[in-house]
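Peer 1: the following comprises the amino acid sequence and a computationally predicted model.
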Amino acid sequence: MLAVVPIRQGALPAGGLETVAECDGRVLLIGSGVAAAADDVDRVASTIITIETADYAPAAWSTVLAAQLGDEPHIVLPASPDGRDLAPRIAAAMQRDLWAGAISITPHRIDLARNGGLVINEIVPGAAFVATLQPGIRGVEAAAIAGHGQRERVITVVEFAPPEAGSAVDAHVIGVLPPDVATMDLAESPRIVGGGAGLTKATAFGELTTVAALLDASMGATRVITDRGWVGHERQIGTTGVVVDPRLYIAFGISGAVQHTSGLGQPDHIISINTDPHCPMMQLADLAIVSDANVVITELLQRLDGHA
């Protein structure tokens, strides 16, 4: 399998490293700043193909990639925004099946998450396909990193040959705006504050949303909260909701059921506020605060408002 990872200004998209690891270290990087991105994937990659281009142009890219990848039967992209945009274009250009939203991919079996993760469909794919891998589920195991580190890495630079005029029609990009943390996809958010059953009133989630905005973070919740109707299900974190992978996760009143913690990815830092010092979330935390999460949110909001 070959990972195809779209790059913007040298930055890997969400799930980029996981996709490379799923493809056993074989990756094609296309976009702007691919040399910097190649350094970032170095720890998991064995074979790197780079194609340096100008701004993101999925129609033109798909035309070029279809010609470049004719001998690659199994192509996998991260299910990041650019990956979800590019994958169906490549599949159409190569006249292949597209399997979107996979949680596991091999040449002979693909597991697809459906109905918000409540159903897993096992697919036996055809001889050639394009697929997207959900970020934050697979992870990048330490064993894989160590193993690839012992390999001889091969980098191949391919020149981008723009398609003939008129053969690929792309939208004109006026500008790329930063996402609004209040509405962005939780799977893409680098900072998340989450609330659980320890928050005893629906109004606490209004305060939590304000705290999140002041911290430039997104607000999430556990399933028990979304089942109560206090928060929309698109804000539910976990294997039966949205699988996330933030750099910072702050858990207010969350005990840490396995369905929740399994969907957290690998945050760099976890802060947990709970009255139970022995609950699973407190054990996972880098900083565990034994306190009533309801009181902490109110106090934190007052302090942040005073410095806003």
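Peer 2: That came through fine.
Peer 1: just the strands from the chain, written as ranges.
Peer 2: For the chain, the strands defined by DSSP state E occupy 2-7, 26-31, 47-52, 74-78, 97-106, 109-114, 119-123, 129-133, 154-158, 191-195, 218-221, 248-252, 269-274, 287-290.
Peer 1: given the first one, what are its sheet partners and their directions?
Peer 2: Each strand that strand 2-7 pairs with, and the sense of that pairing, follows from DSSP bridges: strand 26-31 (parallel), strand 74-78 (parallel).
Peer 1: take the ones you listed and lay them out in TSV including mean neighbour count.
Peer 2: Yep, even glycine has a C-beta here, placed from its N, CA and C like the rest. Converted to TSV, those look like this (neighbours: other CB atoms under 10 Å):
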stretch	mean neighbour count
strand 26-31	24
strand 74-78	26
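Peer 1: need the contact list for residue 109.
Peer 2: Contacts for residue 109 (CB atoms under 8 Å, 6 or more residues apart in numbering) come out as 122, 123, 124, 125.
Peer 1: so which of those wins on neighbours?
Peer 2: Neighbour counts for those (other CB atoms under 10 Å) peak at residue 125, which has 20 neighbours.
Peer 1: quick one: contacts for it?
Peer 2: Taking CB under 8 Å, 6+ apart, one finds 97, 99, 107, 108, 109, 110, 131 in contact with residue 125.
Peer 1: and the closest residue to the fourth one other than its chain neighbours, how far is that from residue 23?
Peer 2: Which is residue 108. Of all residues not flanking residue 108 in the chain, residue 124 sits nearest, at 6.9 Å (CB to CB, 6 or more residues apart in numbering). Counting by CB to CB, to the nearest Å, the gap from residue 124 to residue 23 is 19 Å.
Peer 1: how's this protein carved up into domains?
Peer 2: Per the record, the chain has its domains at 2-158, 186-307, by automatic domain parsing.
Peer 1: what's the spatially closest residue to residue 138 that is not a sequence neighbour in contact with, if anything?
Peer 2: Closest residue to residue 138 apart from its sequence neighbours, by CB to CB, 6+ apart: residue 18 at 4.5 Å. Applying CB under 8 Å, 6+ apart to residue 18 gives the contacts 78, 133, 135, 136, 137, 138, 139, 140.
Peer 1: quick check, pLDDT for the last one.
Peer 2: The one in question is residue 140. What the model reports for residue 140 is a pLDDT of 77.
Peer 1: does it really touch residue 21, like I thought?
Peer 2: Yes: assessed by CB atoms under 8 Å, residue 140 is found in contact with residue 21 at 4.9 Å.
Peer 1: common neighbours of these two, please.
Peer 2: Counting by CB under 8 Å, 6+ apart, the residues touching both residue 140 and residue 21 are residue 44.
Peer 1: which of these two has more neighbours?
Peer 2: Per other CB under 10 Å, whichever of residue 140 and residue 21 has more neighbours is residue 21, with 23 against 17.
Peer 1: my guess is that one contacts residue 105. True?
Peer 2: No: the pair residue 21 / residue 105 is not scored as a contact, 11.1 Å apart, by CB under 8 Å.
Peer 1: pretty sure residue 265 is touching residue 136, no?
Peer 2: Yes: applying CB under 8 Å, one finds residue 265 in contact with residue 136, separated by 4.0 Å.
Peer 1: and for the two, which residues touch both?
Peer 2: Listed as contacting both residue 265 and residue 136 by CB under 8 Å, 6+ apart are 243, 244, 245.
Peer 1: now render these as a markdown table, adding pLDDT and neighbour count.
Peer 2: Compiled in a markdown table, the shared contacts of residue 265 and residue 136 are given as follows (pLDDT from 0 to 100; neighbours: other CB atoms under 10 Å):
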| residue | pLDDT | neighbour count |
| --- | --- | --- |
| 243 | 83 | 23 |
| 244 | 87 | 25 |
| 245 | 85 | 23 |
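Peer 1: quick check, nearest of the residues you listed to residue 222?
Peer 2: Within the shared contacts of residue 265 and residue 136, the smallest distance to residue 222 is 12.4 Å, found for residue 244 (CB to CB).
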